[in-house]
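Student: below is the sequence, then the predicted model.
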Amino acid sequence: MDILIVDDEKSIRTTTQFALETEGHYAETADSAEIALLKLKEQPYDLIFLDLRLGDDDGLEVLGRVLKAAPSQLVVIFTAHASIETAVKATQAGAFDYLEKPFAPGQLRAILAKAEKALRTRTEITRLQRTVEDLQGEVSTSRPPMRFDSADAEARAALDTLNRAAATPASILILGESGTGKSVIARYIHDHSHLAEQPFVTVSCPSLSRELLESDLFGHVKGAFTGAVKDKWGKVHAADGGTLFLDEIGELPLEIQPKLLRLLQEREYERLGENNTRQAKVRVIAATNQNLEECVASGAFREDLYYRLNVISVTMPPLRSRREDLVRIAAEYLEFFARQVGRKFKGFSEDAHTVLLRHGWPGNLRELRNAIERAVILAHGDKIEACDLPKPTRAEDAGSGTTGGGDLVVGAEISLEALERAHIERVLEWAPNLQDAAEILGIDKATLYRKRKRFEIE
C-alpha cells in the first residue's frame, strides 16, 4: 500500500516508516497538517497514520479536513494517549481504526491486514457493480461496449489466444493498426485475469520526452532533473501487484529499454536520481502498430526486450478485413449513441449499409465510432442514410485506393506532396483529436502542426 505518516515527532515518523517498509509497503511522511493535506492533494494514499496531537493542531480536527478532501480515505489515528473515549471519538469522527504508541509489530500488522482487506472489498464491490451494469446494458457513458467475439476467423483466433493467456502471468504483446482496439483488449485481459482486483495502469510511450517518460514510468527523487521539485512515484509503483499496459511500445526510447528489460527479468527498478533498488511485481501487456521485428533489425528496438515481451503475441486484424463484424459493431455503436442522445433508430438504410461495407476504414474502430456518433447527431430520419455519414466514408470509390481527395489515387500521376496533404486532411476529418491524428499518421503533434501550417490545412 501507499501510506502517509503524519506526526510532528521525527523519531515516530522514522520508526513507523521503517516498520511499514519492512512489511513491504511504501511510506512517506509529513510533520504537519498543512504538508499532509498538500501531499494528499498531489496524490492518493491507501492509508494514513495520523497523530492525535499534531503540534498545535487537534488530530481529530485534521481528520475532518482529510475526510473532506478524500471522503473514502482510510485513516488510522495513532496516539500515546489511547483510551476507550479516544477510540470512540476517533471512530465517530470517521477514523478507520486507532493504534496506541508505542506499538508492537504484531499490532501494526493487524492494522495493515485490516486495511488491505477493506481495500480489496472496496475494489471487488466496484468490479461487481461494473459487471452488473454491463449485464444490464447500462454500459459506460464514455465509450461503447466492445464484444470479444468475432465472425472473422483471424480475429476469433487472436481473441481465443488472449482469453487463454489472460489467466497466466505471461507478458502479452498486442499488434495491429491504430484504432483496432488494442487498449480496450488490454483492459479486458486484466479484468479476466487473476489480477482483476489489482491496479491496471497505462503508460503511453509516445506522449512524453525521454526524460519525462522515464520519470512517468519509474518515478524520480527531488532534484533528479530540472523541474523535479519533489519526490514522485512512477507508474511502475502504481501498478505493483497488477498490470502495467505499455501503449505503443515501439515508440519507447532506446535509452529506457534496458531499464524495462530489467523490470521484466529481475522485477527491479530505480527511480531517477536514486540509487535505492526497489522491487515491483507487475504483469506487462504491450501494444504497438509498428513492426517490431523491423525495429529490431534497424536497431531501434532491443532484440532481448522484444523476445521478453513476445511471450504471447497476437495481431488484431484491421476492420476492413472483418466485414461481418463491421456491420454488427456499427449496429452496436448506433444503439449506444442513440441511447446517449435519447433517440430511436431503425438501423441503416440500404445505401448507408453499402457505404459502410465499401469504405476502407483506415482508422478502424476509432474511425467507425466517430462516423456513427456524428451520424446519430446529424441524422434527420429514423434511419441512418448514406448522406449522414462523413464525407470520406461517402466517397463513391471509398476503400478502392482513393485518398478521399477526389482524383487522388495511389499510383496516379500525382506528387507525393499532394498525396500527403490529402491523406493528412482525411485523417484530421475523422480523428477525435490532434493527438490521435498524430499517432495514426506516425508522427508527433509538433510535426503534425508544422505540416498543417505548410499545407495550409485548418
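Tutor: Right, received. Where do you want to start?
Student: what are the ranges of the helices in the stretch 1-150 of the chain?
Tutor: 10-22, 33-42, 59-69, 84-92, 105-135 (DSSP state H, counting those that start in this stretch).
Student: among these, which is nearest residue 316?
Tutor: helix 105-135 (21.4 Å; CB to CB). To be clear about C-beta, it is placed using only N, CA and C from the backbone, and glycine gets the same treatment.
Student: re the thing from before, okay, the helices of the stretch 1-150 of the chain in a markdown table with mean pLDDT, distance to residue 271 and mean neighbour count next?
Tutor: Formatted as a markdown table, those follow (pLDDT from 0 to 100; distance: least, CB to CB, whole Å; neighbours: other CB atoms under 10 Å):
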| stretch | mean pLDDT | distance to residue 271 | mean neighbour count |
| --- | --- | --- | --- |
| helix 10-22 | 90 | 14 | 15 |
| helix 33-42 | 87 | 16 | 16 |
| helix 59-69 | 89 | 26 | 17 |
| helix 84-92 | 76 | 34 | 14 |
| helix 105-135 | 80 | 24 | 13 |
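Student: would you list these in CSV and tack on distance to residue 256?
Tutor: CSV is the format used below for the helices of the stretch 1-150 of the chain (distance: least, CB to CB, whole Å):
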stretch, distance to residue 256
helix 10-22, 26
helix 33-42, 24
helix 59-69, 34
helix 84-92, 45
helix 105-135, 30
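Student: and residue 205, how far is that from residue 185?
Tutor: 17 Å (CB to CB, to the nearest Å).
Student: poorly predicted segments of this structure, please.
Tutor: 81-84, 87, 127, 129-143, 145-146, 392-414 (pLDDT under 70).
Student: quick one, domains of it?
Tutor: According to automatic domain parsing, the chain comprises the domains 2-114, 153-317, 319-400, 401-458.
Student: so residue 334 touches residue 376, yeah?
Tutor: Yes: with contact defined as CB atoms under 8 Å, residue 334 reaches residue 376; the gap is 6.6 Å.
Student: shared neighbours, the two?
Tutor: Jointly contacting residue 334 and residue 376 under the rule CB atoms under 8 Å, 6 or more residues apart in numbering are 345, 384.
Student: now residue 264. Nearest residue, chain neighbours left out?
Tutor: residue 308 (5.0 Å; CB to CB, 6 or more residues apart in numbering).
Student: make sure that neighbour is actually in contact with residue 172.
Tutor: No: under the criterion of CB under 8 Å, residue 308 makes no contact with residue 172, lying 11.9 Å away.
Student: ok, the two, which is more surrounded?
Tutor: Taking neighbours as other CB atoms under 10 Å, residue 308 and residue 172 compare with residue 172 leading, 26 against 17.
Student: which strand residues bridge that one?
Tutor: For residue 172, the beta-bridge partners are residue 285, residue 312 (DSSP bridges).
Student: contacting residues for it?
Tutor: 162, 165, 186, 189, 284-286, 311-314 are the contacts of residue 172 under CB under 8 Å, 6+ apart.
Student: switch to 7 Å and redo it
Tutor: Shown in contact with residue 172 (CB atoms under 7 Å, 6 or more residues apart in numbering): 165, 189, 285, 312.
Student: same question, residue 200
Tutor: Residue 200 touches 187, 190, 242-243, 245, counting by CB under 7 Å, 6+ apart.
Student: same deal with residue 152?
Tutor: 317, 321-322, 324-325.
Student: tell me what the helix or strand where residue 450 lies is packed against?
Tutor: Secondary structure from DSSP states H and E places residue 450 in helix 445-455. Helices and strands touching helix 445-455, by 3 or more CB pairs under 7 Å, 6 or more residues apart in numbering; DSSP states H and E, are helix 416-430, helix 434-441.
Student: and the first one, what's buried?
Tutor: Residues of helix 416-430 classed as buried under the neighbour-count rule (16 or more other CB atoms under 10 Å) are 419, 421-430.
Student: likewise for stretch 225-236?
Tutor: Applying 16+ other CB under 10 Å to stretch 225-236 flags 228, 232-236 as buried.
Student: then that stretch to PDB, C-alphas only?
Tutor: Backbone C-alpha positions of stretch 225-236 (Å, rounded to 0.1, in the frame of the first residue of the first chain) are rendered in PDB as follows:
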ATOM      1  CA  PHE A 225      16.400  16.900 -13.200                       C
ATOM      2  CA  THR A 226      15.300  20.500 -13.900                       C
ATOM      3  CA  GLY A 227      11.700  20.800 -12.600                       C
ATOM      4  CA  ALA A 228      11.900  17.800 -10.200                       C
ATOM      5  CA  VAL A 229      10.900  19.800  -7.200                       C
ATOM      6  CA  LYS A 230       9.700  16.900  -5.100                       C
ATOM      7  CA  ASP A 231       9.800  13.100  -5.000                       C
ATOM      8  CA  LYS A 232       7.400  11.300  -7.200                       C
ATOM      9  CA  TRP A 233       6.400   7.600  -7.600                       C
ATOM     10  CA  GLY A 234       6.000   6.400 -11.100                       C
ATOM     11  CA  LYS A 235       3.500   4.200 -13.000                       C
ATOM     12  CA  VAL A 236       5.600   1.000 -12.100                       C
END
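Student: quick one: residues contacting the residue most central in space within the chain.
Tutor: For the chain, residue 202 is the residue whose C-alpha lies nearest the centre (CA atoms, centre = their mean; 3.3 Å). Residue 202 sits next to 245, 247 when contact means CB under 7 Å, 6+ apart.
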